[in-house]
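A.B. asks: the following comprises the amino acid sequence and a computationally predicted model.
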Amino acid sequence: MGIKERLFSKPPPFFRKLRTLGLALVAAGSAVSTVNITIPAIIAEIGGYLIVAGSVMVAVSQAVVKDEE
């Protein structure tokens, strides 16, 4: 199975839930990172980590497929 087929196929139910959680982490990290008030540097740094962690979760969750052998 090529990468194109893998990315466009439907993931198993657990990984669909994990993908949704990853999208929520990206949204929360983006909200924290783009706030217009002054916030401590550690909170801005945590926002960046949330974006990275959520992005990795989404990418990995989308690439998982059920083996149908």
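C.D. replies: All right, it came through fine.
A.B. asks: the helices in the chain, which residues?
C.D. replies: With DSSP state H as the definition, the chain shows helices at residue ranges 3-8, 13-33, 41-63.
A.B. asks: can you lay out those helices as TSV showing mean pLDDT and mean neighbour count?
C.D. replies: C-betas here are computed from N, CA, C, even on glycine. Written out in TSV, the entries for these read as follows (pLDDT from 0 to 100; neighbours: other CB atoms under 10 Å):
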stretch	mean pLDDT	mean neighbour count
helix 3-8	79	10
helix 13-33	93	15
helix 41-63	91	15
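A.B. asks: and residue 2, how close does it get to residue 9?
C.D. replies: In this structure, residue 2 and residue 9 are 11 Å apart, going by CB to CB, to the nearest Å.
A.B. asks: looking at those two, which is more packed in?
C.D. replies: Residue environment comparison for residue 2 versus residue 9 gives the larger neighbour count to residue 9, 14 against 6, counting by other CB atoms under 10 Å.
A.B. asks: pretty sure that one is touching residue 65, no?
C.D. replies: Yes: Residue 9 sits in contact with residue 65 when judged by CB atoms under 8 Å, with a separation of 5.0 Å.
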